[in-house]
Structures are given as structure tokens and as C-alpha cells.
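In: Sharing a model prediction with you, sequence too.
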Amino acid sequence: MVFTKREKIIIAATIAAVSLLVVDFYVLTPVLGRCAAVRTDRERLLAEMARARSLLERRQLLTPKWRKMLDDGMKDDPAKAESQILRALRNWSHDVGVKLLSLRPERSTEKTELREITIHVAGTGSMEGVSRLLWGIETTRAPVKIKMLQLGARKDGTDDLSLQLKISTLYVPPACPVTEQAPQTQRPGGGDR
């Protein structure tokens, strides 16, 4: 069978077109798709690496502050933490003239890395004394947080207030990994930071 020049050109163009479609379907499209997936994975991994570096830098910045918190006031024994806050409350109330009627501590039973002790406080005093007591609580170096505050006048038209407080303090159980010394981190280049 002899093909004319025109038929030969049509057959060659058809074979070339089919070959291009086959190459595109089996080679070019998968390679381009894989390149796009690799670029996406690279961007994701670079973002994760940036977050990890940021976390390591934050850890290095916060570790000294954490150590200072542990040294300044955070205890590793619930009895010591409770005693520290009760003693501080008594001292502050005595210094500012607020009469404490009751102090009732409650220990949390949750098994978390940081445990909480809540203290219910009831007392009476003047507006100045109560505000100075609250200032003492807010500015202490010990880990204390006011969770609830209720003030009321005991007698209308007088500077005699009743105070209801619920404050909490934290302590770190002795076996907690948070209190262990932070390991030195290494940079990808091999040097210590």
C-alpha cells in the first residue's frame, strides 16, 4: 500500500499528536503534579521549621523567667504553697487593717502539670484597706490569681465593707517534667545556641 504525500503528512501528524498526548499523560502531567506537591510540602515544612525555631527561641527566653518564678514563689509542695499564700494573706490583712473572718483552702484533685489551690477568703475592712489588700495580692511575686471578688457595704453610709474573695495559687508536683532543667538546644549548623 502506497501512501500519498498528503496521507504521509496526516499519519505523521496523527502519530506525533498521539505521542504528545501519551507523553503528556504519562510523563509531563505526573512530573508537573509532583513538582507542585514538592513545592507545597517544602512550604509546609519551612513553615513548620519556622514555628519550631520560634518555639525554641521562646523556650530559651522563657526558661530563665520560669526558673525565677520557681525560685521566687512557685513551690513544689502543696503544703508549702498553701502555707505561703495563707501567711501572705494574714500579713497583708494585718498591714492594711482588714479583718479576715475565714480562710478556707481547697486543693485541686486534677492530675495536671500545674496544680491549683483555691482559697476562699471572707473579711471586713475599709475601702482603703480592701484596695490595699487587693493591690498586695495583685503585685506579689507568688503565683496568685483572683478568681472571684465580691464587695458589699455592711452598713449603708459607712466605710465598712464586707469582702468575699476566691483566689488561687499554683504549685508544681515534684515528679513533674516542667521543673526539670531545660536541655540545651542545638542549631541545624551544629553549634549551641
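Out: Sure thing, it's come through.
In: and the helix or strand bottoming out on mean pLDDT in the chain, how far out from the chain's middle?
Out: Within the chain, judged by mean pLDDT, DSSP states H and E, the helix or strand with the poorest mean is helix 78-96; its value is a mean of 86. Helix 78-96 has its average C-alpha position 28 Å from the chain's average C-alpha position, going by C-alpha atoms, centre = their mean, to the nearest Å.
In: Show me what that helix is packed up against.
Out: The elements that helix 78-96 packs onto, with contact taken as 3 or more C-beta pairs under 8 Å, 6 or more residues apart in numbering; DSSP states H and E, are strand 99-107, strand 115-125, helix 127-139, strand 161-171. In short, each C-beta sits where N, CA and C put it, glycine included.
In: 10 Å - rerun?
Out: Using 3 or more C-beta pairs under 10 Å, 6 or more residues apart in numbering; DSSP states H and E as the contact criterion, the elements in contact with helix 78-96 are strand 99-107, strand 115-125, helix 127-139, strand 144-153, strand 161-171.
In: right, and those - which one's nearest Glu57?
Out: Comparing the helices and strands packed on helix 78-96 against Glu57 with C-beta to C-beta, the closest turns out to be strand 161-171 (24.8 Å).
In: Give me the angle between that closest one and strand 144-153.
Out: On the basis of axes from the mean of the first three to the mean of the last three C-alpha atoms, to 10 degrees, strand 161-171 is oriented at 170 degrees to strand 144-153.
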